[in-house]
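Enquirer: A predicted structure for the sequence below; I have some questions about it.
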Amino acid sequence: MVDDTPLPSSSVVESPTGIRETVVVARDGQVHKTSAMEDGWQTEAFSESANRQLHDLGDLICSGGDHATASQILAADFRMGVLLPQGRRQLFSDRHLEVSEPADANEFQAALTEHSLASLLRHLRTDFDGMQELHAKFKLFRVEPQKDGVETLQYFQLVGHNATRQREQNATWRIRWTNEAKPKILEIRAEAWQDVVTSELAGKPLFSDQTQSLLGGDAAYQIALTRGIEYWRQRISNTCSVYNFGYHGIAVGDVNGDGREDLYVGETGGLPNHLFIQQPDGRLRDMAAQAGVAFLDNCRSALLIDLDNDGDQDLVCSLNTGILFLENDGAAKFQLRARIASIDQGFSLAAADFDQNGFLDVYLCNYYGASDASKLPAPVPYFDATNGGRNHLVRNWGNWQFDDATAEVGLDDDNNRFSFACAWDDFDLDGDQDLFVVNDYGPNQLYRNDQGHFANVANDIGLTDGAFGMSATFGDFDRNGYSDIYVSNMFSAAGNRITFQPQFKPQLSENDKGRFQYLAKGNSLFQNTGTGRFQDVSLASGVTMGRWSWASLFVDVNLDGWEDLCVANGFVTGADTDDL
């Protein structure tokens, strides 16, 4: 049985009792206030209480501990196993980074022994002596009621630094609790652990935020980009198509031929787009108005690519009023050469010469099936939604002539998803570019290119990834000569807790319930075996927990010849800025 009911909108507030209450606005427009306990979700009520205890324990770990509070968090007969392994195996080491794991995972299976809060804190802080600004964080993602208490699984992270290095330890803990209103910890056992030490080189970190130094002197940056979307919503009319969530992309390319990369930034409706030209000293200056590309329409995505093969970077810009193709004169002056008004609202763009005619073509992902914000559809069904927007392949014939080739080349197959992003690559090494499309609320597609015609082969070759897809990147992480695929989804602690409870959608089959559980799993890594098939190695590779992931990129960060992964994550910025 498939649940086709759209989910109602809701918000969470903290009740006076300390248990979170959910305010639900149902389809009838009525507001209903419920709590986890009243709705029969005792496990969620318990997780709230346990999280408060873990928050207090984290504070004690960082401060060194107020031992008088031990009885409020730990049971009198508290026991723990080895949480900090003595034997360690180095996984990686270079001049910037050292990564270690337990030499023998069986060390964590040692018998539990009684400990005090003082010994627990001393044990955890062993590697952090002399380090400053310790930060501890827990992420509780599973609740399992037992006959003699409750067991939870949670990620634990401890971070600190001194003058020359930063240390980060990540672990998975299984905790057994007393089952009471304010639960106490009976046992802690580690199930996984990793230590990461980042060293500074010549007094500088591996990465540092240079936004202010490079953009801070530009008025456009100070006025437009340092303020959130809520600020502008209060000052710009809705008729300008102000977009609430800030899904606005960037494009990088050398627009004036000086050998330095420049930056094009899309904006919400009512604000001009930016073209930041890099100056000889590295600073960026907005020259969008002078270049003729300061569009005021809502712009979610753009590309800087050579559309006419004259050696400079032209501009493709997806607006709410259509997709624009602009010619660069080589000195960062742009002229509109083509516009397709019927192809609009694109969330992302990617280019490749799919038909090998010598000109770059453009694929556009259109997330929504409606351009009117008041009619934006809710995904139905939630884990396999087929009421999203229609994507488009724009074919480039040369001489600034374009057409919509989507249906002609077979890309209308399964073309009604909530598509966020796409990526081109020759995954089967047959000489043409194949297309991977990442979808929210459902499975992704891999369209194999066979001499300019496409077929969706994802299910046939092991790419059955159906989650909250946000982005994808190709890279040969195992250096076998074939491109692998990494997909950014969402890791949800609440989703992992709730979907594994027996009261979650009991009317669903185990198969359909498993699809809901998969939605909360996190990111996916698919290894290209070179046999025409992929295998899911996400869990074995340890790359699922990317938080609420957006863009992802295979990139060799330390230039050692191996592809690393960079994942951008986060969502709405709130008061709790230290959430995992």
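Expert: Done, it's in. Worth saying up front: this structure is predicted, and the values here are computed from it rather than measured.
Enquirer: the closest residue to Val557 other than its chain neighbours bridge partners, please.
Expert: With C-beta to C-beta, 6 or more residues apart in numbering as the criterion, Val557 has its nearest non-adjacent residue at 4.5 Å, and that residue is Asp564. C-beta here means a position set from N, CA and C on the backbone, and glycine is covered the same way. Beta-bridge partners recorded for Asp564 (DSSP bridges): Val555.
Enquirer: right, and Asp564 touches Leu553 too?
Expert: No - contact criterion C-beta atoms under 8 Å: Asp564 and Leu553 do not qualify, at 9.1 Å.
Enquirer: of the two, which one has the most company?
Expert: For Asp564 versus Leu553, the count of surrounding residues by other C-beta atoms under 10 Å is larger for Leu553: 16 against 13.
Enquirer: just checking, the more buried one is part of a strand?
Expert: Yes - when DSSP: H, G, I helix; E, B strand; the rest coil is applied, Leu553 is found to be in a strand.
Enquirer: pretty sure it contacts Ser488?
Expert: No - using C-beta under 8 Å, Leu553 is not in contact with Ser488, being 9.6 Å away.
Enquirer: identify the contacts common to these two.
Expert: Residues touching both Leu553 and Ser488 (C-beta atoms under 8 Å, 6 or more residues apart in numbering) are Val567.
Enquirer: so what secondary structure elements neighbour the longest helix seen in the chain?
Expert: Identified as the longest helix of the chain according to DSSP state H is helix 42-63. Judged by 3 or more C-beta pairs under 8 Å, 6 or more residues apart in numbering; DSSP states H and E, helix 42-63 is in contact with helix 70-73, helix 117-124, strand 132-146, strand 149-161, strand 165-177, helix 493-498.
Enquirer: with mean neighbour count, distance to Glu408 and mean pLDDT added, can I get the ones you listed in JSON lines?
Expert: JSON lines is the format used below for the helices and strands packed on helix 42-63 (neighbours: other C-beta atoms under 10 Å; distance: least, C-beta to C-beta, whole Å; pLDDT from 0 to 100):
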{"stretch": "helix 70-73", "mean neighbour count": "16", "distance to Glu408": "65", "mean pLDDT": "82"}
{"stretch": "helix 117-124", "mean neighbour count": "17", "distance to Glu408": "62", "mean pLDDT": "87"}
{"stretch": "strand 132-146", "mean neighbour count": "17", "distance to Glu408": "46", "mean pLDDT": "91"}
{"stretch": "strand 149-161", "mean neighbour count": "20", "distance to Glu408": "48", "mean pLDDT": "93"}
{"stretch": "strand 165-177", "mean neighbour count": "19", "distance to Glu408": "49", "mean pLDDT": "93"}
{"stretch": "helix 493-498", "mean neighbour count": "20", "distance to Glu408": "40", "mean pLDDT": "86"}
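Enquirer: mind checking which of these is nearest Lys505?
Expert: With C-beta to C-beta as the criterion, Lys505 lies closest to helix 493-498 of these, at 9.7 Å.
Enquirer: distance from the chain centre to that closest one, please.
Expert: Here helix 493-498 shows a centroid-to-chain-centroid distance of 17 Å under the convention C-alpha atoms, centre = their mean, to the nearest Å.
Enquirer: for it, output the C-alpha coordinates as PDB.
Expert: Extracted in PDB, the C-alpha atoms of helix 493-498 (Å, rounded to 0.1, in the frame of the first residue of the first chain):
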ATOM      1  CA  ALA A 493      18.400  11.900  13.200                       C
ATOM      2  CA  ALA A 494      14.600  12.200  13.700                       C
ATOM      3  CA  GLY A 495      13.900  10.300  10.600                       C
ATOM      4  CA  ASN A 496      16.200   7.500  11.700                       C
ATOM      5  CA  ARG A 497      14.500   7.300  15.000                       C
ATOM      6  CA  ILE A 498      10.800   7.600  13.900                       C
END
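Enquirer: and the contacts of that helix?
Expert: 41, 43-44, 47, 139-143, 504, 516-517, 519-521.
Enquirer: if we use 10 Å, what do you get?
Expert: By C-beta atoms under 10 Å, 6 or more residues apart in numbering, the surrounding residues in contact with helix 493-498 are 12, 36, 41, 43-44, 46-47, 51, 138-144, 152-155, 468, 492, 504-505, 516-522, 545, 547, 579-580.
Enquirer: next: stretch 540-548.
Expert: Contact with stretch 540-548 is made by 101, 139, 141, 155, 170, 172, 192, 194, 468, 470, 477-478, 484, 486-493, 521-525, 527, 537-538, 552, 565, 567-572, 579-580, as judged by C-beta under 10 Å, 6+ apart.
Enquirer: again, only this time at 8 Å
Expert: 155, 486, 488-492, 521-525, 538, 552, 565, 567, 569-571, 580.
Enquirer: what do you get for stretch 79-97?
Expert: Against stretch 79-97 from outside (C-beta under 8 Å, 6+ apart): 98-104, 107-115, 120, 123-124, 126-127, 171, 173, 186-190, 193, 195-199, 201, 206, 558, 560.
Enquirer: same thing but at 6 Å, please
Expert: The contact list for stretch 79-97 (C-beta atoms under 6 Å, 6 or more residues apart in numbering) reads 99-104, 107-108, 110, 112, 114-115, 123, 126, 187-190, 198-199, 206, 558.
Enquirer: now, the residues you listed that are in strands?
Expert: Secondary structure from DSSP state E places 99-102, 114, 187-190, 198-199 of the contacts of stretch 79-97 in strands.
Enquirer: report the two of the residues you listed separated the most.
Expert: Glu114 and Ser199 (37.6 Å).
Enquirer: returning to what we had before: turn the helices and strands packed on helix 42-63 into a markdown table, including distance to Leu319.
Expert: Compiled in a markdown table, the helices and strands packed on helix 42-63 are given as follows (distance: least, C-beta to C-beta, whole Å):
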| stretch | distance to Leu319 |
| --- | --- |
| helix 70-73 | 55 |
| helix 117-124 | 52 |
| strand 132-146 | 39 |
| strand 149-161 | 41 |
| strand 165-177 | 42 |
| helix 493-498 | 34 |
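Enquirer: end-to-end on stretch 550-570?
Expert: Stretch 550-570 stretches 8 Å from its first residue to its last (C-alpha to C-alpha, to the nearest Å).
Enquirer: pull out the buried positions in it.
Expert: 550-554, 563, 565, 567, 569 (16 or more other C-beta atoms under 10 Å).
Enquirer: do the same with stretch 227-246
Expert: 229, 232, 236, 240-243.
Enquirer: just the CA coordinates for that stretch, please, in CSV.
Expert: C-alpha atoms of stretch 227-246 as CSV (Å, rounded to 0.1, in the frame of the first residue of the first chain):
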residue,chain,number,x,y,z
ARG,A,227,21.8,40.1,4.5
GLY,A,228,19.5,37.1,4.6
ILE,A,229,16.5,36.5,2.4
GLU,A,230,14.1,37.5,5.2
TYR,A,231,15.6,41.0,5.2
TRP,A,232,14.8,41.4,1.5
ARG,A,233,11.4,39.8,1.7
GLN,A,234,10.3,42.7,3.9
ARG,A,235,11.6,45.3,1.4
ILE,A,236,10.8,43.8,-2.1
SER,A,237,7.4,43.3,-3.5
ASN,A,238,6.2,39.7,-4.1
THR,A,239,5.6,40.7,-7.7
CYS,A,240,9.3,40.5,-8.2
SER,A,241,9.2,36.8,-7.5
VAL,A,242,11.2,36.9,-4.3
TYR,A,243,12.2,33.3,-3.5
ASN,A,244,12.0,32.4,0.2
PHE,A,245,14.7,29.7,0.4
GLY,A,246,17.6,31.3,-1.4
